[in-house]
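Trainee: Mind folding the following:
(one chain, ligands or ions: 2)
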Amino acid sequence: MSILVTGGAGYIGSHTCVELLNAGHQLVVVDNLSNSNAKSLERVQEITRKRIQFYKADLLDRSSIEMIFEQNPIEAVVHLAGLKAVGESVQTPLQYYENNVTGTVILCEVMKKFGVKKLVFSSSATVYGVPKVVPIPEHAPLGATNPYGRTKLMIEEILRDLYSSDSAWSILLLRYFNPIGAHPSGLIGEDPAGTPNNLLPYISQVAIGKLDELNIYGADYPTPDGTGIRDYIHVVDLARGHQKAVDKVLTGHGIDAYNLGTGKGCSVLEMVRIFEKVSGKVIPYRIVERRPGDVALCYADPTKAKKHLGWCAEYGIEQMCRDSWAWNVQNPDGYGRDIHEEHKSQ
Ligand code: NAD
Ligand code: WQD
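Mentor: Ligands and ions are numbered 1, 2, ... in the order given. As a prediction, the model looks like this:
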């Protein structure tokens, strides 16, 4: 039997594939490569020395998704495929609702048709909107502040309705905090298109000399150094959380949400200092206006995942920065220029 990973060529998907393959699962990946490169999957196979069955297809293309279920004995789905840029979602909300929400509805309809009712879904801490308390427990009030966040909230609700209609479903909603870092091999990592929106990819590009300086969005927040505090989690820890979640959906029934975070907050200035230390580079920065929609503090209460999934994050911020830096140094143009191939041919 196989696990289908949607969005498996992406940043979190590729790391999740490594952990699922290492745990002995057979994998089928579907990805339309709208925000990724199939090279990531070649690298996953290089790391694990295991094979992936890859389909370049869009979740909105129902007949292709049905064909994948016809051709493979799928027992569960890890659903990561989606668009994720908050700012872009404000500009093109319909694209986000169609891709993320309709894509998920089509996936679930096909799963139902083929009798596959085990699903792990990539949700986000964004479903907590402006957090009322930190650390944030799973039962905290939900809300969204932008169309991207609303797609995640809507999908969570759709999946709850699906379970209410048929208790044979087994669904886990994984609410990720801020994934950063890369595989310690330096072979796979985050490869954002264009200028990065998120902190770590931006810092990395400043360190490597592609961008001049970091804009720090506000130093007047009610935090110890005035900059925003987030719960950064190593992408390998996050990927291992998926492996535990797959174990759980395969053996149980029900629907439940889990925070995947470390439970520890790190400020923007702390991150800059730690990145400087591990990379040996100076990160010039400028304090600018707050970014609209940002909150001061966001970090997880991760105790539920520890109790019920037997999972907790192991890596600290230094390791996250070290692995991000190694990925960037080894792949200055992401998957665009393959220095590993160059080395092999020398
Ligand atoms: P990513 O863009 O690297 O990966 C998403 C993948 O989905 C890409 O490879 C893309 O090509 C694919 N995809 C998108 N729409 C598709 C479609 N209609 N059909 C087929 N493939 C499609 O992003 P990521 O950071 O790996 O995020 C994975 C998931 O985790 C997303 O659902 C995202 O919303 C969620 N998430 C990410 C973060 C984060 O900070 N990275 C935080 C919380 C939640
Ligand atoms: C982190 C901190 C910024 C960039 C986003 C999404 C969220 C989730 C994870 C998917 C904040 C500051 C950033 C920069 C800065 N994604 N910052 N200069 O906003 O916590 O979360 O990614 O679900 O939905 O909103 O992450 O990395 O953008 O910002 O000062 O150039 O870094 O203000 O305090 P965020 P981020």
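
Trainee: What is the neighbour count of the nearest residue to Gly241 once chain neighbours are set aside?
Mentor: Leaving aside its sequence neighbours, Gly241 sits nearest to Leu260 (C-beta to C-beta, 6 or more residues apart in numbering; 4.5 Å). Placement of C-beta: from N, CA and C, glycine included. Neighbour count of Leu260, defined by other C-beta atoms under 10 Å: 30.

Trainee: can you check the one 3 residues further on too?
Mentor: One way to gauge burial is a neighbour count; for Gly263, by other C-beta under 10 Å, it gives 20.

Trainee: That one touches Ala305, doesn't it?
Mentor: No: applying C-beta atoms under 8 Å as the test, Gly263 and Ala305 come out as separate, 9.9 Å apart.

Trainee: Quick check on the residue nearest to Gly241: phi, psi?
Mentor: phi -110, psi 100 (degrees, to the nearest 10).

Trainee: give the contact list for it.
Mentor: Counting by C-beta atoms under 8 Å, 6 or more residues apart in numbering, Leu260 touches 174-177, 233, 237-238, 241, 300, 302, 305, 311, 313.

Trainee: Quickly note the distance from it to Trp325.
Mentor: Using C-beta to C-beta, to the nearest Å, one obtains 23 Å as the distance from Leu260 to Trp325.

Trainee: And Val30, by the same measure?
Mentor: Here the criterion is C-beta to C-beta. By it, Val30 lies 31 Å from Trp325.

Trainee: near ligand 1, which residues of this protein show up?
Mentor: 7, 9-13, 30-36, 58-60, 80-84, 99, 103, 122, 124, 176, 178-179 (C-beta under 6 Å from any ligand atom).

Trainee: what about the helices in the stretch 1-150 of the chain?
Mentor: Listed in chain order, the helices of the stretch 1-150 of the chain (DSSP state H, counting those that start in this stretch) span 11-22, 39-48, 62-71, 86-91, 93-96, 103-113, 147-165.

Trainee: got the CA positions of the fifth one in PDB?
Mentor: This points to helix 93-96. Taking C-alpha atoms only, helix 93-96 is exported to PDB below (Å, rounded to 0.1, in the frame of the first residue of the first chain):
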ATOM      1  CA  PRO A  93      -8.500  35.800  -3.300                       C
ATOM      2  CA  LEU A  94     -10.500  33.800  -5.900                       C
ATOM      3  CA  GLN A  95      -7.300  32.000  -7.100                       C
ATOM      4  CA  TYR A  96      -6.700  31.000  -3.400                       C
END
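
Trainee: State the mean pLDDT of it.
Mentor: When pLDDT is averaged over helix 93-96, the result is 98.

Trainee: going forward, begin numbering at 38 instead of 1
Mentor: Let's use 38 as the start, then, which means that last one is helix 130-133.

Trainee: Buried residues, that helix. List them.
Mentor: Of the residues in helix 130-133, Tyr133 count as buried by neighbour count, 16 or more other C-beta atoms under 10 Å.

Trainee: returning to what we had before: and the helices of the stretch 38-187 of the chain: which comes nearest ligand 2?
Mentor: For the helices of the stretch 38-187 of the chain, the distance to ligand 2 is smallest for helix 123-128, at 4.6 Å, taking C-beta to the nearest ligand atom.

Trainee: Most tightly packed of the helices of the stretch 38-187 of the chain?
Mentor: Stretch with highest mean neighbour count among the helices of the stretch 38-187 of the chain: helix 48-59 (a mean of 25; mean count of other C-beta atoms under 10 Å).

Trainee: Need the contact partners of that one.
Mentor: Outside helix 48-59, the residues that touch it by C-beta under 8 Å, 6+ apart are 40, 42-45, 64, 66, 68, 73, 77-78, 80-81, 84-85, 87, 89, 115, 117-118, 159, 213, 216, 220, 225-228, 272-273, 275-277, 279-280, 283.

Trainee: what do you get if the cut-off is 6 Å, keeping everything else the same?
Mentor: Residues outside helix 48-59 that contact it (C-beta atoms under 6 Å, 6 or more residues apart in numbering): 40, 42, 44-45, 64, 77, 81, 84-85, 87, 117, 216, 225, 227, 272-273, 276-277, 279-280.

Trainee: With just CA atoms, put that helix into CSV.
Mentor: Written as CSV, here are the backbone C-alpha positions of helix 48-59 (Å, rounded to 0.1, in the frame of the first residue of the first chain):
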residue,chain,number,x,y,z
TYR,A,48,9.5,22.8,0.7
ILE,A,49,7.7,20.9,3.5
GLY,A,50,6.5,18.1,1.2
SER,A,51,10.0,17.1,0.1
HIS,A,52,11.2,16.9,3.7
THR,A,53,8.0,14.9,4.6
CYS,A,54,8.8,12.5,1.8
VAL,A,55,12.2,11.8,3.3
GLU,A,56,10.8,10.9,6.7
LEU,A,57,8.0,8.8,5.3
LEU,A,58,10.3,6.9,3.0
ASN,A,59,12.8,6.4,5.9
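
Trainee: Done for today, thanks.
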